[in-house]
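Asks: When you get a sec, could you give me coordinates for this:
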Amino acid sequence: MKVHNTLGNGFQEVIYQRCLAIELEKAGLHFVREMEQAIYYEGINVGTRRADFVVENLVMVELKALVNLEDVHLAQAKNYVVAYNFSVGLLINFGAASLQFKKVFNPKTNPANPTIK
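Replies: Got it, this is the predicted structure:
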């Protein structure tokens, strides 16, 4: 929230990503930026995708800088938690007037939980 409160909306995603990295570092959290993950289809590597952040090797974080989140962005975040095999992910949108965020669950590791909150 500090990043959004300080900068507001209107910047490119990479600016928010750099600022969030500063805040995660200040908080003493271990994280990896732009962590690449192979994507498989029927056991065949069909490409790679990069999560904006993986925090404490537990949470995948995807950032956006859009006027409003749409279903496709939520689906992307859900696909990332499945591809990275994490239980939970966080989708954060810095582009709206108010900070938007959604917690996303991996249905394979959280069968009793809803996919998106």
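
Asks: Checking Val104 next. Helix, strand or coil?
Replies: Judged by DSSP: H, G, I helix; E, B strand; the rest coil, the three-state class of Val104 is strand.

Asks: Helix or strand next in line after the helix or strand harbouring Val14, which one?
Replies: Take DSSP states H and E as the rule and Val14 turns out to sit in helix 13-26. Later in the chain than helix 13-26, the nearest helix or strand by DSSP H and E is strand 31-41.

Asks: what angle do that next one and helix 13-26 make?
Replies: 120 degrees (axes from the mean of the first three to the mean of the last three CA atoms, to 10 degrees).

Asks: Can you give the strand pairings for strand 31-41, parallel or anti for each?
Replies: strand 44-55 (antiparallel) (DSSP bridges).

Asks: Just the buried residues of the strand it pairs with, please?
Replies: Residues Ala51, Asp52, Phe53, Val54, Val55 are the ones in strand 44-55 that count as buried (16 or more other CB atoms under 10 Å). Every C-beta, even on glycine, is put in place using the N, C-alpha and C of the backbone.

Asks: Quickly list what the last one is bridged to.
Replies: According to DSSP bridges, the residues that bridge with Val55 are Phe31, Val59.

Asks: Residue ranges in the protein under the pLDDT threshold?
Replies: Applying pLDDT under 70 to the chain picks out residues 110-117.

Asks: Nearest to the middle of it, which residue? Look it up for me.
Replies: Nearest residue to the geometric centre of the chain (CA atoms, centre = their mean): Glu62, 1.8 Å.
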